[in-house]
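> Fold the following for me, if possible:
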Amino acid sequence: MSLNLHLLRMFAAVVRSGSFSKAAEILNVSQPAISKGVRDFELQVGCRLLNRSPKGVVPTPEGLALSQRAEALFAIERAAEEELSAVRGLHNGSLRIGASTTIATYMIPRYLGAFHRAYPGVDLHLISANTRDIAEQMVAQDIDIGLVEGPVDDRNLIAEPWRTDVMKLIAAPDHAFSAATGPIDPKQLENEVLIVREPGSGSREVVTQALAARGIEPLRTLEIGSTAAIKQVVAAGLGIAIVSAVTVKDQVQLGRLKVLDLRDMTIERTLWQLKQPGRVAMPAARAFEKMLLDRSAFPDERLNQAASA
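Predicted coordinates:
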């Protein structure tokens with residue numbers, strides 16, 4: 001049996017979007033055409049692929065297995081198109097980079113600038129999300145490069161170390177901690193409002209694990225969905241936070257935040273590049289990855305030695 005690739009594309013779009021109407025918008029066809037196409041496809045393969053309900057559609061076990069194969073197939077199709085467009089060099093094509101929030105905001109921009117100067121014909125797309133979402137997009141092959149802050153446990157991915165990043169305690173200049181003459185006792189954190197990122201954030205995972213390993217459990221926490229917002233809240237005196245040192249340099253220089261040491265406690269994390277076994281990287285992805293791994297490209301960059309003053 002030969003699968004109808006046109007119908008397979010319709011089916012995959014429905015699974016990816018979770019509805020017939022959204023799939024119709026993605027493929028720029030009518031919803032009745034999508035519905036008929038999926039019904040015809042189910043007849044062709046001889047089994048039900050989707051469970052339909054008023055809340056939307058979800059794939060059956062058979063449908064889920066087929067949709068995963070379909071996404072891999074269409075990713076190969078996209079790769080072939082980009083490979084063909086790049087046969088004369090990196091003069092055109094596109095590169096989709098997914099990075100968890102801190103990396104996307106504070107670390108990747110200078111790489112993007114350098115890459116654009118070297119290959120101005122390549123269209124760059126940067127997707128910023130938390131670690132969990134970037135991993136999911138990498139599995140779905142919606143991105144070509146994936147960089148994350150937290151550990152990823154997914155049998156469909158390989159995580160390779162990229163950089164080491166130091167997490168630092170920050171407080172407002174008028175906070176009691178800022179008047180200390182030496183490092184802060186970690187146990188004192190239990191009596192403060194600790195501001196943390198949302199679940200799924202790599203930085204939250206690292207901080208939580210590090211404090212738990214020392215038996216430290218803050219009595220009060222405040223959850224905020226971005227590091228930029230956390231810095232503003234800490235500067236306003238609402239609480240303290242532990243964030244990547246590279247994210248606070250600007251606010252420290254402005255005198256709005258102070259970076260503090262913790263007594264006998266260093267919180268470091270590995271930043272990871274996600275890869276898929278067997279996936280062939282396209283020329284633009286290979287060029288960007290080479291830049292990421294070339295320490296000489298940015299000789300002044302030391303992610304694990306960010307200034308604390």
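
> From the domain annotation, what segments belong to each domain of this protein?
Domains of the chain are assigned by automatic domain parsing as 5-70, 84-163+270-305, 165-269.

> do you know which of those lies nearest residue 76?
domain 84-163+270-305 (8.1 Å; CB to CB). In short, each C-beta sits where N, CA and C put it, glycine included.

> Using CSV, write out every CA atom in stretch 247-258.
This file holds the C-alpha atoms of stretch 247-258, laid out as CSV (Å, rounded to 0.1, in the frame of the first residue of the first chain):
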residue,chain,number,x,y,z
THR,A,247,21.6,38.3,33.0
VAL,A,248,22.2,40.9,35.7
LYS,A,249,25.3,42.7,34.6
ASP,A,250,23.3,45.7,33.2
GLN,A,251,21.2,46.1,36.4
VAL,A,252,24.3,45.8,38.6
GLN,A,253,26.1,48.6,36.6
LEU,A,254,23.0,50.8,37.0
GLY,A,255,23.1,50.2,40.8
ARG,A,256,19.6,48.6,40.8
LEU,A,257,20.8,45.2,41.9
LYS,A,258,23.6,43.7,43.9
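
> tell me how far that stretch is from the chain's mean position?
Computed by CA atoms, centre = their mean, to the nearest Å, the chain-centroid distance of stretch 247-258 equals 25 Å.

> buried stuff in it?
Judged by neighbour count (16 or more other CB atoms under 10 Å), stretch 247-258 contains these buried residues: 247, 248, 249, 251, 252, 256, 257, 258.

> all helices of the stretch 151-300 of the chain, in order?
Taking DSSP state H, counting those that start in this stretch as the criterion, the stretch 151-300 of the chain carries its helices at 202-213, 227-235, 249-253, 283-293.

> coming back round to it: ranking the domains of the chain by mean pLDDT, which is last?
Lowest mean pLDDT within these: domain 84-163+270-305, a mean of 84.

> ok, back up a step: got the buried residues of stretch 247-258 as CSV, with distance to residue 110 columns?
Listed next are the buried residues of stretch 247-258 as CSV, based on distance: CB to CB, whole Å:
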residue, distance to residue 110
247, 14
248, 17
249, 14
251, 19
252, 19
256, 23
257, 22
258, 26
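
> residues touching residue 148, list them.
If you count contacts by CB atoms under 8 Å, 6 or more residues apart in numbering, residue 148 has them with 99, 100, 103, 131, 134, 135, 159, 202, 271, 272, 274.

> try it again with 10 Å
Contacts for residue 148 (CB atoms under 10 Å, 6 or more residues apart in numbering) come out as 98-103, 129-135, 138, 157, 159, 162, 202, 270-274.

> Among the residues you listed, which ones are in strands?
Filtering the contacts of residue 148 for membership in strands, criterion DSSP state E, returns 98, 99, 100, 129, 159, 162, 270, 271, 272, 273, 274.

> on that earlier part again, among the buried residues of stretch 247-258, which one lies nearest to residue 183?
Nearest member of these to residue 183, counting by CB to CB, is residue 258, at 13.0 Å.

> Okay, and the beta partners of that closest one?
residue 171 (DSSP bridges).

> Name all residues that make contact with it.
Neighbour list for residue 258: 168-175, 177-180, 234-235, 248, 251-252, 308-309 [criterion: CB under 10 Å, 6+ apart].

> Repeat the analysis, applying 8 Å as the threshold.
170, 171, 172, 173, 175, 177, 178, 252 are the contacts of residue 258 under CB under 8 Å, 6+ apart.

> returning to what we had before: and the two most separated of the buried residues of stretch 247-258?
Using CB to CB, the buried residues of stretch 247-258 span at most 14.2 Å, a distance reached by 247 and 258.

> show me where the stretch 51-200 of the chain has strands.
56-59, 94-100, 123-129, 145-148, 158-171, 193-196 (DSSP state E, counting those that start in this stretch).
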